[in-house]
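Asker: kindly generate the corresponding structure for this input.
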Amino acid sequence: MAGKLQLPPLQVLVVFEAAARHGNFTAAGNELGLSQPAVSQRIQLLESQLDAPLFERRHRGVQLTEAGNSLYHIVRSSLNDISEQLERTRHQRSVLRIDTDMGFASYWLMPRLNAIQALIPGVEVQVSTSPNDYNFRDSNAPLTICFGGGHWPGTQSQRLFPEHVVPVCNQHIMQALGDNPTPASLLRFPLLKLPETRPQRWLTWDDWFRQQRLQPGNINASRTFNAYSLVIQAALEGQGIALGWRPLIAPLIASRQLFICGPEMRSERGYFLISSASKSLSPQQQKVKSWLLDEAWNFHYSDLALP
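Answerer: You can find the predicted model right below:
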């Protein structure tokens with residue numbers, strides 16, 4: 001542990017810096033709101049502590065000695081650094097960062113950012129996205145919304161949404177499928193998907209068809225995208241059929257931009273709200289966490305109640 005700093009009072013150093021810069025005790029006193037004798041007294045106190053003269057007193061002012069000149073450059077630089085840091089701190093806004101994936105950010109979090117910002121006025125809300133699984137060691141965000149099984153060592157995790165997945169398509173494909181499409185009829189169209197992962201992180205078309213007791217084999221007409229937002233955009237454009245995670249596609253179903261064209265499939269995974277188990281949240285962070293949990297609860301029993 002570092003020892004206690006052996007320093008004179010900060011005000012003495014401020015007086016010394018002004019006197020050295022002006023080369024005059026009276027001018028330094030005028031700048032600092034001190035009398036000339038008060039400036040002289042503080043300089044004498046500093047010289048006594050250092051046991052060395054810092055100024056040569058002259059008729060029309062003072063001039064730094066060699067020791068005084070060396071000290072001046074150090075004090076001037078240090079006081080500048082302190083001043084600049086105080087200015088940065090004064091104008092620095094508090095920040096709340098939320099990490100999540102691009103799909104959740106685009107389709108669920110972004111429409112709610114204004115409501116989150118209203119909870120914590122004066123705090124800048126930052127949303128950071130990553131396609132990777134959550135890693136507690138690498139995370140700097142107080143709040144993270146991540147898809148997975150809910151088990152991340154060193155964290156508190158609370159499920160926002162379970163994994164409920166349905167096939168979705170746009171109106172033109174829905175009309176081509178007819179009123180009561182069968183799971184097998186979906187194979188007439190390209191299947192839109194994310195890249196496979198090892199281990200598997202989310203439900204896939206193979207999982208869905210297996211639940212329907214179908215073996216689609218090698219789906220030559222499938223199309224793979226490296227971001228869920230691209231999968232959904234392709235579905236909106238009628239390029240094929242996508243698997244839709246309920247909380248993400250709910251607004252698109254409600255606005256009839258997408259249509260459910262097959263049975264739902266569920267798993268034990270889902271979206272979880274994650275925070276550190278060892279580090280307490282600030283009042284603003286806790287307020288946002290509570291709001292997100294309430295919003296997910298309300299969403300689950302209203303917007304999530306889709307056909």
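Asker: where do the helices sit along the stretch 101-250 of the chain?
Answerer: 102-104, 113-119, 171-177, 205-211, 228-236, 246-254 (DSSP state H, counting those that start in this stretch).
Asker: list the buried residues of the third one.
Answerer: When you say that, I think you mean helix 171-177. The neighbour-count check on helix 171-177 (16 or more other Cβ atoms under 10 Å) flags 173, 174, 177 as buried. Placement of C-beta: from N, CA and C, glycine included.
Asker: who's in contact with the first one?
Answerer: In this structure, residue 173 makes contact with 189, 238, 240, 241, 261, judged by Cβ atoms under 8 Å, 6 or more residues apart in numbering.
Asker: on that earlier part again, make a markdown table from the buried residues of helix 171-177 and add distance to residue 253 and pLDDT to it.
Answerer: Below are the buried residues of helix 171-177 laid out as a markdown table (distance: Cβ to Cβ, whole Å; pLDDT from 0 to 100):
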| residue | distance to residue 253 | pLDDT |
| --- | --- | --- |
| 173 | 14 | 96 |
| 174 | 11 | 96 |
| 177 | 16 | 94 |
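Asker: just to revisit the earlier point, JSON lines please, covering the helices of the stretch 101-250 of the chain and showing distance to residue 149.
Answerer: Formatted as JSON lines, the helices of the stretch 101-250 of the chain follow (distance: least, Cβ to Cβ, whole Å):
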{"stretch": "helix 102-104", "distance to residue 149": "16"}
{"stretch": "helix 113-119", "distance to residue 149": "26"}
{"stretch": "helix 171-177", "distance to residue 149": "33"}
{"stretch": "helix 205-211", "distance to residue 149": "15"}
{"stretch": "helix 228-236", "distance to residue 149": "18"}
{"stretch": "helix 246-254", "distance to residue 149": "17"}
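Asker: residue nearest the centroid of this protein?
Answerer: residue 97 (2.6 Å; Cα atoms, centre = their mean).
Asker: would you list the strands that the helix or strand containing it pairs with, along with their directions?
Answerer: For residue 97, the host element (DSSP states H and E) is strand 94-100. With DSSP bridges as the test, strand 94-100 is paired with strand 123-129 (parallel), strand 143-148 (parallel).
Asker: give the helix, strand or coil label for residue 279.
Answerer: Following DSSP: H, G, I helix; E, B strand; the rest coil, we place residue 279 in the coil state.
Asker: now for the protein, the helix or strand with the poorest mean pLDDT.
Answerer: Every helix and strand in the chain was compared by mean pLDDT, DSSP states H and E; the lowest is helix 66-91, with a mean of 84.
Asker: nearest to residue 6, out of the helices of the stretch 101-250 of the chain?
Answerer: In terms of Cβ to Cβ, the element of the helices of the stretch 101-250 of the chain nearest to residue 6 is helix 113-119, at 46.9 Å.
Asker: who does the closest one touch, helix- and strand-wise?
Answerer: strand 123-129, helix 283-300 (3 or more Cβ pairs under 8 Å, 6 or more residues apart in numbering; DSSP states H and E).
Asker: for this structure, longest strand please?
Answerer: Ranked by number of residues, the top strand in the chain under DSSP state E is strand 155-169.
Asker: that strand - contacts with which helices or strands?
Answerer: Packing contacts for strand 155-169, counted by 3+ Cβ pairs under 8 Å, 6+ apart, involve strand 241-245, helix 246-254, strand 259-260, strand 265-276, helix 283-300.
Asker: may I have that strand as CSV, with CA atoms only?
Answerer: Output of strand 155-169 as CSV, limited to C-alpha atoms (Å, rounded to 0.1, in the frame of the first residue of the first chain):
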residue,chain,number,x,y,z
THR,A,155,-24.0,-13.5,-11.7
GLN,A,156,-27.6,-13.0,-10.7
SER,A,157,-29.9,-14.0,-13.6
GLN,A,158,-33.6,-13.6,-13.9
ARG,A,159,-35.6,-14.8,-16.9
LEU,A,160,-37.4,-12.2,-18.9
PHE,A,161,-38.8,-14.5,-21.6
PRO,A,162,-38.8,-18.3,-22.2
GLU,A,163,-37.8,-19.5,-25.6
HIS,A,164,-41.1,-19.8,-27.6
VAL,A,165,-40.5,-20.1,-31.3
VAL,A,166,-43.0,-20.1,-34.2
PRO,A,167,-42.5,-20.1,-38.0
VAL,A,168,-43.4,-16.8,-39.6
CYS,A,169,-43.7,-15.4,-43.1
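Asker: list the contacts for residue 126?
Answerer: Residues near residue 126 by Cβ under 8 Å, 6+ apart: 95, 96, 97, 98.
Asker: repeat the analysis, applying 7 Å as the threshold.
Answerer: Applying Cβ atoms under 7 Å, 6 or more residues apart in numbering to residue 126 gives the contacts 95, 96, 97.
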